[in-house]
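[1] Structure, please.
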Amino acid sequence: MRIAIVAVGRLARSPETDLVKLYVERATNAGRPLGLGPVEVIEVEARKPGKAAEAEVLRPHLDGCHIIVCDEHGAARPSRAFAAEIEALRDRGVRKLAFVIGGADGLDPGLIGEAQGKLAFGPQTWPHALARAMLAEQVYRAVSILGGSPYHRD
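    Sure, this is the predicted structure:
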């Protein structure tokens, strides 16, 4: 199952960008034997301002995907539950999983309505660069849990 983190905006060179790259690479390498991956980051930018314009540039990257949006009204999941959700999707035959991170004002309500799931990182507000890094790390953590790696400790 291919996994994508699809996000509005492009990250500049930064420590957060380096973290995203590190965890995506680790998740891809560890996920191959488990039928997970590659893991990729897709960054998009809208030519016009607003959620609708952002949704328009996001949608082409979501065709055929099981979509989980990152949204403050979503469910926060413990790492093992997150891993179990990814495992269940893979085992059901889902071929592409996309986690979507919106722009500064969040995601278009129509796009949220099209999603099969909503994920929250808790009640705090996080910068987009950190949200991507946290999501990439959780994907890697999920892969490591499913692979039986000692990376995750309860």
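
[2] Around residue 65, how many other residues sit close by?
    Close neighbours of residue 65, defined as other C-beta atoms under 10 Å, add up to 20. Every C-beta, even on glycine, is put in place using the N, C-alpha and C of the backbone.

[3] Run a quick check on it versus residue 98, I expect a contact.
    Yes - taking C-beta atoms under 8 Å as the definition, residue 65 is a contact partner of residue 98 at 4.0 Å.

[4] any common contacting residues for these two?
    residue 4 (C-beta atoms under 8 Å, 6 or more residues apart in numbering).

[5] Just to be sure, residue 16 is in a helix?
    Yes - according to DSSP: H, G, I helix; E, B strand; the rest coil, residue 16 belongs to a helix.

[6] if I pick it, what's in contact with it?
    127, 129-130, 132-133.

[7] Mind doing that once more with 10 Å?
    Taking C-beta atoms under 10 Å, 6 or more residues apart in numbering, we find residue 16 in contact with 127-134, 136.

[8] Ok, residue 34 next?
    Contacts of residue 34 (C-beta under 10 Å, 6+ apart): 1, 86-87, 90, 142-144, 146-148.

[9] With adjacent residues omitted, what lies nearest to residue 79?
    residue 141 (5.2 Å; C-beta to C-beta, 6 or more residues apart in numbering).

[10] and that neighbour, how many neighbours?
    Around residue 141 there are 20 residues (other C-beta under 10 Å).

[11] any idea which element it lies in?
    Using DSSP states H and E, residue 141 sits within helix 128-146.
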